[in-house]
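Q: how would this look folded up:
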Amino acid sequence: MSLRIVRLGTPRAPDEGLRIGTVRRPPRGVPKAEFAIRDFYDVWLPALAPTDELLKLGQGAETEAQWATFARRFAAQLKEPDAAHLLDLLAALSHTAAFAVGCYCENEARCHRSVLRLQFEQRGATISN
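A: Numbers count the residues shown, from 1 in each chain. So this is what the prediction gives:
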């Protein structure tokens, strides 16, 4: 059992389990009934997505310094009680259940998924590739 960090909309791994969308918005042009069928997500958890303001900052980051500012601010957002409790819950569940969290971005290194990965690692989550 473990947690996977995935790109939403990509084919699922055979043992991936439930897919959780940690995004601010649902996929454009996709009917809600098709979110899971088209490998986006089974459930939506926008509480673990950057705020709109932070999302713009991250998407506009062109330098390492700008990206570091985004990552630092998003990590601070994840320290808020509701987000921190969700991260703790998912980290604990990773020891007994198979599931994935993800976002649409192609490059995880420049996506909030990279910050989520660090947060899960710090909480002792079992993470698989």
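
Q: nearest spatial neighbour of Gly102, skipping sequence neighbours?
A: Excluding the flanking residues, the one nearest Gly102 by C-beta to C-beta, 6 or more residues apart in numbering is Val6, at 3.9 Å. Bear in mind the C-beta positions are built from the backbone N, C-alpha and C, glycine included.

Q: Double-check that the one you found belongs to a helix.
A: No - Val6 is assigned strand when assessed by DSSP: H, G, I helix; E, B strand; the rest coil, not a helix.

Q: can I assume it is in contact with Arg19?
A: Yes - in this structure Val6 lies within contact range of Arg19 using C-beta atoms under 8 Å: 6.9 Å.

Q: Can you get me a residue count around the residue nearest to Gly102?
A: By other C-beta atoms under 10 Å, the residues close to Val6 number 22.

Q: Got the confidence number for it?
A: Here, the pLDDT recorded for Val6 equals 98.

Q: if we can go back for a sec, what residues do Val6 and Arg19 have in common as contacts?
A: When contacts are counted by C-beta atoms under 8 Å, 6 or more residues apart in numbering, the set common to Val6 and Arg19 consists of 12, 100-102.

Q: Check those residues against Cys111 and report the nearest one.
A: Gly102 (9.1 Å; C-beta to C-beta).

Q: After the helix or strand that closest one falls within, heading C-terminal, what element do we hit next?
A: If you go by DSSP states H and E, Gly102 is part of strand 99-103. Sequence-wise, the next helix or strand downstream of strand 99-103 (DSSP H and E) is helix 112-122.

Q: ok so, going back, what subset of the shared contacts of Val6 and Arg19 is buried?
A: Neighbour-count burial (16 or more other C-beta atoms under 10 Å) applied to the shared contacts of Val6 and Arg19 gives 100-102.

Q: Now do the same contact list for Thr126.
A: 1-3, 94-95.
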